[in-house]
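> Quick check, what structure comes out for this input:
(one chain, ligands or ions: 2)
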Amino acid sequence: MSDAPTKTFPKRIFSGIQPSGGLTLGNYLGALKRFAQAQDAGIETIYCMVDLHAITVWQEPSKLRHATRELAAGFLASGIDPKRSILFNQSQVPAHAELAWIFNCVARMGWLRRMTQFKDKAGKHAEEASVGLFAYPNLMAADILAYHATHVPVGEDQKQHLELTRDIAIKFNHDFGVDFFPVVEPVIEGAATRVMSLRDGTKKMSKSDPSDQSRINLTDDADAIAAKIRKARTDPEPLPETLEGLEGRAEARNLVNIYAALADMTPEAVLAEHGGQGFGVFKPALADLAVAKLSPLNAEMRRLMQDVAEIDRILGEGADRADAIAAPIVAKTRDIVGMVGSRRG
Ligand code: AMP
Ligand code: TRP
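Ligands and ions are numbered 1, 2, ... in the order given. Model prediction:
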């Protein structure tokens, strides 16, 4: 790759999730589960609850507080160990907002105007959207680059933002004649980089979908999970034996992908096992698997939420460790930019 960094940075993973409501199966399979796998592989991992991103749209303060703690419980219940990973909330570490301002002055209006997430979220009301919603990707770049992170596991929907992060790093390095920020690699892999709605196989499963039937929430109990899978939209054909047979069958493909991701199998292997079955047989098998995998997670989240002081303690400790990495990198950034008094950090 022509724009690959000339300096090699040690592998360090960073990712973030917004505390803007409940977690879905999409967040679990597309993000949390993979975050835990990276940690278990022994890679240095930093995970962040991005509350500064959440407030780019209105958040009721008491709900934001609750959602941040519940998200932390979701991380912990998914296997994130706060001793092996750094787990914290963004607003406790000043480096994020500080570096984001510098990146506001690096990124160009035209780059941000192309971002599809802004267009989707602001819709027809772009004039009423917050300035923060528009500048959101610059803050995301700051999250990642404040740690010199090299790899960022995310779902498919975040790909464009990571390309912007790369562009910011390249422009900063070029403008200041340095090789300071790494050019990050998106890590978008596995069967569940895009878990789709249970009601419409062409739409992403999302916590903001008005229909609760469209998603599995990590707080759903076993009965709710099973009922939602039973009622999931499908077609009348049996499952094919091979992947090509899923062509044009978005809903069937989605359920196969969910099964594969939950069972740590490939979609091919799921079809080898279940090909020829109708949904009357496959759906109950998927419901059993989903309940078996998600119920313990759900129970653990409830247990953790009974002691919010402990969650806050874990986040505080994570913030101290995050700050120790990010503050010197941001101090060096200020120095490169020519700000006086930047050598103290
Ligand atoms: P968000 O909840 O939008 O902050 O997303 C947090 C993480 O979950 C990001 O890495 C997203 O890409 C991922 N994610 C959200 N929804 C889905 C989905 N339906 N399928 C796969 N990944 C998802
Ligand atoms: N924008 C991401 C989302 O909506 C969340 C996020 C913020 C993020 N900062 C990040 C993801 C840094 C990865 C790395 O899902």
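> From now on I want contacts and neighbour counts done on CA atoms only, so please keep to that.
OK.
> How many residues are close by the nearest residue to residue 44 once chain neighbours are set aside?
Nearest non-adjacent residue to residue 44, counting by C-alpha to C-alpha, 6 or more residues apart in numbering: residue 12, 5.2 Å away. Taking other C-alpha atoms under 10 Å as the criterion, the count of residues near residue 12 is 17.
> what does the one 5 residues further on give?
Using other C-alpha under 10 Å, residue 17 is surrounded by 22 other residues.
> Mind listing the residues bridging to the residue nearest to it when sequence neighbours are not counted?
Sequence neighbours aside, residue 49 is the residue nearest to residue 17 in space, at 5.3 Å (criterion: C-alpha to C-alpha, 6+ apart). In this structure, residue 49 bridges to residue 17, residue 89 when assessed by DSSP bridges.
> separation between the residue nearest to residue 44 and residue 147?
Distance from residue 12 to residue 147, counting by C-alpha to C-alpha, to the nearest Å: 8 Å.
> what's in contact with stretch 100-111?
Identification of contacts with stretch 100-111 by C-alpha atoms under 8 Å, 6 or more residues apart in numbering yields 135, 138-142, 164, 168, 171-172.
> what do you get if the cut-off is 7 Å, keeping everything else the same?
Stretch 100-111 is contacted from outside by 138-139, 142, 168, 172, using C-alpha atoms under 7 Å, 6 or more residues apart in numbering.
> Return the set of buried residues in it.
100, 102-104, 106-107 (16 or more other C-alpha atoms under 10 Å).
> Report the distance from that stretch to the chain centre.
Stretch 100-111 has its C-alpha centroid displaced from the chain centroid by 22 Å (C-alpha atoms, centre = their mean, to the nearest Å).
> per the record, what domains does this structure have?
In terms of domains, the chain is parsed into 12-188+307-337, 212-303 (source: automatic domain parsing).
> out of those domains, nearest to ligand 1?
Proximity to ligand 1 (C-alpha to the nearest ligand atom) singles out domain 12-188+307-337 among the domains of the chain, at 3.0 Å.
> Tell me who's in contact with residue 206.
Applying C-alpha under 7 Å, 6+ apart, the residues near residue 206 are 24, 215.
> Per-residue pLDDT of it, please?
Looking at residue 206, its pLDDT reads 92.
> That one belongs to a helix?
No: assessed with DSSP: H, G, I helix; E, B strand; the rest coil, residue 206 is coil; it does not lie in a helix.
> all numbers from here: first residue = 12
Got it, first residue is 12 now, which makes that one residue 217.
> Tell me, how many residues neighbour the closest residue to ligand 2 within the stretch 112-261 of the chain?
Going by C-alpha to the nearest ligand atom, ligand 2 is nearest to residue 151 of the stretch 112-261 of the chain, at 4.0 Å. Neighbours of residue 151 under the rule other C-alpha under 10 Å: 24.
> Near ligand 2, which residues of the stretch 12-161 of the chain are found?
25-29, 61, 151, 154-155 (C-alpha under 6 Å from any ligand atom).
> Throw those residues into a markdown table and include distance to ligand 1 and pLDDT, thanks.
Below are those laid out as a markdown table (distance: C-alpha to the nearest ligand atom, whole Å; pLDDT from 0 to 100):
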| residue | distance to ligand 1 | pLDDT |
| --- | --- | --- |
| 25 | 11 | 98 |
| 26 | 7 | 97 |
| 27 | 7 | 97 |
| 28 | 4 | 96 |
| 29 | 4 | 96 |
| 61 | 8 | 98 |
| 151 | 11 | 98 |
| 154 | 13 | 98 |
| 155 | 13 | 98 |
